[in-house]
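J.: Pasting the sequence and the predicted model now:
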Amino acid sequence: MPIYYESRKTLATQAAARWRNTYFVRNGEEWGNTKNGNTHPVYIKLLKLGKNPNPDDVDEVIGNESWTRLTCDNCNKEINEGVWIGEHLDYESRTTMACVKCLQEGINTITNKGENNE
Ligand SMILES: [Zn+2]
């Protein structure tokens, strides 16, 4: 399976389209609501950020960081960029987000044939 690059920046770039996919109810041709109200005004604000928005601006419009947050599945740190490894990303897929530091540690472990493992 290909290894896919992901970053807070790419998540920010996709945020408006993902917001629409999540909250626009196709059959009813209407926008859904969250506890913060109707989702359409947020979509309009996301579009106004342009095609290459700053992730922090997306967070501000949405009101939280969940749409641009990226976390390494190995070290659990919030990261700016990393790669998806494993099955094609889906709800129940076996897919892992890995940061540069953890990938490098993995390469070192292979290079050392695991001899430095604790
Ligand atoms: Zn990591």
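T.: Right, received. Where do you want to start? Residues are numbered from 1 along each chain as shown.
J.: Pull the contacting residues for the residue nearest to Asn33 when sequence neighbours are not counted.
T.: Using C-beta to C-beta, 6 or more residues apart in numbering and skipping residues adjacent in sequence, the residue nearest Asn33 is Thr39, 6.5 Å away. The way it works is simple: take the backbone N, C-alpha and C, and place the C-beta from them, glycine included. Listed by C-beta atoms under 8 Å, 6 or more residues apart in numbering, the contact partners of Thr39 are Trp19, Tyr23, Phe24, Trp31, Gly32, Asn33.
J.: Of those residues, which is the nearest to the ion?
T.: Nearest to the ion out of those is Trp19 (C-beta to the ion; 27.5 Å).
J.: Relative to Pro53, how far out is that closest one?
T.: Trp19 sits 12 Å away from Pro53, going by C-beta to C-beta, to the nearest Å.
J.: Which neighbours do these two have in common?
T.: Jointly contacting Trp19 and Pro53 under the rule C-beta under 8 Å, 6+ apart are Leu46.
J.: Let me know the outermost residue of this structure.
T.: Ranked by distance from the centre of the chain (C-alpha atoms, centre = their mean), the top residue is Glu115, with 34.2 Å.
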